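Enquirer: predicted model and sequence below, questions to follow.
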Amino acid sequence: MTIGVGKRSLTHEMILETGKFVLNALDREDANCLDVVKRFGFQSGRDVDKFADFPYEKSEGGIPILPNAKAFYECTVLPEFTVDLDTHTLERLNHHPRQTLRFRTPYEVFFSTHTPLTVALGS
């Protein structure tokens, strides 16, 4: 799995410091999905506590997870595969699937099959 993280973000600083984070997969069909995206994606943690008055749990590593996520992945950055893209850092991750609720990848939906990822997730 690979992600891009803006270097000026607090998220980037936290990932650099710990080498870990949780990726929450949201359900587009959930009526609150857009509000969750706005809350966590369109404001800075430097300006507002994104988790204030918002329910969450903690992963085994102590990182916040969203209880209504379809799935979440506890991730560890692989520094030897990190690429500096000037404004962003491209991170190659080792992910540890922890939970799923009927989550299937686009590949699996299109080909009506299961990949090793969803087998590991228990789908």
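Expert: Yes, it's here.

Enquirer: which SS class is the spatially most central residue of the chain?
Expert: Centroid-nearest residue in the chain: residue 23, 1.2 Å away (criterion: C-alpha atoms, centre = their mean). Three-state assignment for residue 23 (DSSP: H, G, I helix; E, B strand; the rest coil): strand.

Enquirer: ok, it to residue 77 distance?
Expert: 12 Å (C-beta to C-beta, to the nearest Å). Backbone N, C-alpha and C define where each C-beta goes, glycine included.

Enquirer: bridged to the residue nearest to the centre of the chain, which residues?
Expert: residue 73 (DSSP bridges).

Enquirer: and the strands in this protein?
Expert: Listed in chain order, the strands found in the chain under DSSP state E are 2-6, 20-25, 57-58, 64-65, 71-77, 83-84, 88-100.

Enquirer: ok, now which ones touch residue 36?
Expert: 26, 30, 66, 68 (C-beta atoms under 8 Å, 6 or more residues apart in numbering).

Enquirer: low-confidence stretches in this protein?
Expert: Residues of the chain meeting the criterion pLDDT under 70: 1, 91-123.

Enquirer: let's see 90
Expert: Applying pLDDT under 90 to the chain flags residues 1-9, 11-12, 15-16, 19-30, 33-34, 37-38, 40-43, 58-63, 67-123.

Enquirer: from residue 2, how far out is the residue lying closest to residue 54 once chain neighbours are set aside?
Expert: Excluding the flanking residues, the one nearest residue 54 by C-beta to C-beta, 6 or more residues apart in numbering is residue 39, at 7.0 Å. Distance from residue 39 to residue 2, counting by C-beta to C-beta: 24 Å.
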